[in-house]
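Participant: Take this sequence and fold it.
(4 chains)
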There are 4 protein chains.
Amino acid sequence: MTIEQLAVRLREFASARDWEPFHTPKNLAMALTGEVGELIEHFQWLTPDESAHAMDDAERAEQVTDELADVFIYLVRLADILGVDLLSAAAAKVDRNEHRFPAR
Amino acid sequence: MTIEQLAVRLREFASARDWEPFHTPKNLAMALTGEVGELIEHFQWLTPDESAHAMDDAERAEQVTDELADVFIYLVRLADILGVDLLSAAAAKVDRNEHRFPAR
Amino acid sequence: MTIEQLAVRLREFASARDWEPFHTPKNLAMALTGEVGELIEHFQWLTPDESAHAMDDAERAEQVTDELADVFIYLVRLADILGVDLLSAAAAKVDRNEHRFPAR
Amino acid sequence: MTIEQLAVRLREFASARDWEPFHTPKNLAMALTGEVGELIEHFQWLTPDESAHAMDDAERAEQVTDELADVFIYLVRLADILGVDLLSAAAAKVDRNEHRFPAR
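Facilitator: Predicted coordinates:
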């Protein structure tokens, strides 16, 4: 699956449930924030080192994967509604960052 | 570019700057949160309707695209560090949501 | 109760549970973020008008009050650890904002 | 100053600028999120230990104090609009937590 195919699937998912009126950029940005909040809760009491081994625990790995999926889904849906190509935007940003932060 | 190619580029970007020690899941989850906070600021005083036309303003469109890129970059980097395939995780989540929220 | 009394109570609460090592500014800032994420979920699908009547529903009112308490508790704890007096800092900020945004 | 006095001052501040229509719970929850995002950026690349000494640097201390003030201001304004007494809500929550997490 590509991001574009995921975006189409999310469009159809929202349409089939009459959720389109709720999927404004404002609401989707809030939903994205809520999911990021759930993701960060998995790491808040871990040391940075512990966080690097967070996926060693199978139950936590499943939950973290699920939260990453939720964040990604809302990000792809928001970008689709706004007409932004995430991969192009990211490539352009990394290009700029390579000038902004020169390598050693 | 694919997500995998972006992930490789971000790996090389971090490596070339000796930033790998900073890129723990804990730190990257925080950075992701910070970028989502910058994204949401563009929509906080708009009505939902106004937010649907946020990209009509060229300057705002550029800023919103830039924030979406930042969110996406940290999400891809975090998923890469954690060993999570975002597209597979999202597909699995949408499958589950189709059972959880049956269409009309 | 005052904020200072709440801060003391939270100090004692953490001490009695040996949670002090976890209460670094970094971790508390993450916990604050997580709670704000839970708060925002209550408003994400409401219109602004609906959000103004969110407390008419008794069950939601209780949940929103609970989330506001969690956000406040982590904010007071974080400020206490950092040695910041929230009321003085807020008063100074409002003073500055009165110059920055002159009234009609 | 007390929280109640700060809430009154924020009410008057908004009223004098005709900002009341913008201060819905939905919008204020978003603004709160944005400010928390700015706060967390100060701690994201620090180790937990470094974060415990974040206020040793005078410039950073000023910025962190400023962000804490912004978070607190939006939290007090949101609670005021929703009719929630933050100190009472926090006291009730700590009471519940004392039962939920018994001390050693």
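Participant: C-alpha from now on. contacts and neighbour counts both.
Facilitator: Will do.
Participant: can you give me the strands in chain A?
Facilitator: Along chain A, counting by DSSP state E, no stretch forms strands.
Participant: Of all residues in it, which one is nearest the centre?
Facilitator: When C-alpha atoms, centre = their mean is applied to chain A, the residue found nearest the centroid is A:F72 (2.6 Å).
Participant: Touching, that residue and B:A91? I think so.
Facilitator: No - counting by C-alpha atoms under 8 Å, A:F72 stays clear of B:A91, with 10.5 Å between them.
Participant: top helix in chain A by residue count?
Facilitator: Determined from DSSP state H, the single longest helix within chain A is helix A:58-82.
Participant: name the helices or strands packed onto that helix?
Facilitator: helix A:3-16, helix A:25-41, helix B:58-82, helix B:86-100 (3 or more C-alpha pairs under 8 Å, 6 or more residues apart in numbering or on different chains; DSSP states H and E).
Participant: Redo these as TSV? Include mean pLDDT.
Facilitator: Below are the helices and strands packed on helix A:58-82 laid out as TSV (pLDDT from 0 to 100):
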stretch	mean pLDDT
helix A:3-16	98
helix A:25-41	98
helix B:58-82	98
helix B:86-100	97
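Participant: Can you convert those into TSV and add a column each for distance to A:P48?
Facilitator: Listed next are the helices and strands packed on helix A:58-82 as TSV, based on distance: least, C-alpha to C-alpha, whole Å:
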stretch	distance to A:P48
helix A:3-16	30
helix A:25-41	13
helix B:58-82	13
helix B:86-100	22
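Participant: Looking at those, which one is packed in the most?
Facilitator: Stretch with highest mean neighbour count among the helices and strands packed on helix A:58-82: helix A:25-41 (a mean of 26; mean count of other C-alpha atoms under 10 Å in any protein chain shown).
Participant: Is chain D within reach of that one?
Facilitator: Yes - interface with chain D: helix A:25-41 contributes A:30, A:33 (C-alpha under 8 Å from any C-alpha of the partner chain).
Participant: ok, back up a step: tell me who's in contact with the residue nearest to the centre of chain A.
Facilitator: B:75, B:86, B:90 (C-alpha atoms under 8 Å, 6 or more residues apart in numbering or on different chains).
Participant: Once you drop chain neighbours, what's closest to the second one?
Facilitator: When you say that, I think you mean B:L86. A:A69 (6.2 Å; C-alpha to C-alpha, 6 or more residues apart in numbering or on different chains).
Participant: near chain C, which residues of chain A show up?
Facilitator: Going by C-alpha under 8 Å from any C-alpha, the residues of chain A near chain C are A:22, A:27-28, A:30-31, A:33-38, A:40-41, A:44-45.
Participant: for A:P25, what are its contacts?
Facilitator: Contacts of A:P25 (C-alpha under 8 Å, 6+ apart): A:78, A:81-82, B:43, B:48, B:51-52.
Participant: how about 10 Å then?
Facilitator: A:31, A:77-82, B:40, B:42-43, B:46-54 (C-alpha atoms under 10 Å, 6 or more residues apart in numbering or on different chains).
Participant: Check A:A16 too.
Facilitator: Here A:A16 is in contact with A:10, B:102-104 (criterion: C-alpha under 10 Å, 6+ apart).
Participant: Just the buried residues of those residues.
Facilitator: When neighbours are counted using 16 or more other C-alpha atoms under 10 Å in any protein chain shown, those contain these buried positions: A:L10.
Participant: follow-up on the earlier one: quick check: the residue nearest to B:L86 touching B:R96?
Facilitator: No - counting by C-alpha atoms under 10 Å, A:A69 stays clear of B:R96, with 11.6 Å between them.
Participant: Find residues that contact each of these two.
Facilitator: With C-alpha under 10 Å, 6+ apart as the test, A:A69 and B:R96 both reach B:A90.
Participant: Could you give the separation between the terminal residues of stretch A:37-46?
Facilitator: With C-alpha to C-alpha, to the nearest Å as the measure, stretch A:37-46 spans 15 Å from end to end.
Participant: Could you see whether chain B lies near it?
Facilitator: Yes - Stretch A:37-46 is in contact with chain B by C-alpha under 10 Å from any C-alpha of the partner chain, via A:37, A:39-46.
Participant: Dump the residues you listed to a markdown table, plus distance to D:T65.
Facilitator: What follows is the residues of stretch A:37-46 next to chain B, written out as a markdown table (distance: C-alpha to C-alpha, whole Å):
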| residue | distance to D:T65 |
| --- | --- |
| A:G37 | 23 |
| A:L39 | 26 |
| A:I40 | 23 |
| A:E41 | 24 |
| A:H42 | 27 |
| A:F43 | 24 |
| A:Q44 | 21 |
| A:W45 | 23 |
| A:L46 | 25 |
